[in-house]
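# Dropping a prediction and its sequence here:
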Amino acid sequence: MKYSPVHYARALFESLEDQPKDQEGTIRRFRAYLTQSGDARLMGKILKAVERLAVHARGGRMVVVESARALPEKAVATLRAAFQKEDHLETVIRPELIGGVKIVIDDEWAIDATMKRK
């Protein structure tokens, strides 16, 4: 690994901002570079970091809601309404939580109302 996923993400994000008319070409060249350097396996982490940069650039936060089972759409809608429109809300199913929810904002623990915690 030549660079960390965060370094790659910053480079890709800045390149996409600098070349808005050639984003497809920028991504194609970036993928080729990752393949050539042997870091293509990092693509998932890089894309997640780019997503975080994009959300933060528009003034939002990354909000992850973890639950043991899929949340009903009404509950997800209520959660979305509780945050700003710039925030990115992601739901994750983690059966080991048993019940309840855990909300993490920008990788900092916020609310842990799970059965696993009790």
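Thanks, I have the structure now. What you see is a predicted model, and the numbers here were worked out from it, not measured in a lab.
# what's the pLDDT at residue 1?
Looking at residue 1, its pLDDT reads 68.
# just residue 115 next, same as before
Looking at residue 115, the pLDDT reads 80.
# Could you tell me which residues make contact with the closest residue to it other than its chain neighbours?
In space, and not counting its chain neighbours, residue 115 is closest to residue 98: 3.7 Å by Cβ to Cβ, 6 or more residues apart in numbering. Where you see a C-beta, it was placed from the backbone N, CA and C, and this is true even at glycine. Each residue near residue 98 by Cβ atoms under 8 Å, 6 or more residues apart in numbering is listed here: 68, 114-116.
# how close does residue 98 get to residue 3?
Look at residue 98 and residue 3: by Cβ to Cβ, to the nearest Å, they are 39 Å apart.
# residues in contact with the residue nearest the centre of the chain?
Closest to where the C-alpha atoms of the chain average out (Cα atoms, centre = their mean) is residue 48, at 4.4 Å. Each residue near residue 48 by Cβ under 8 Å, 6+ apart is listed here: residue 5.
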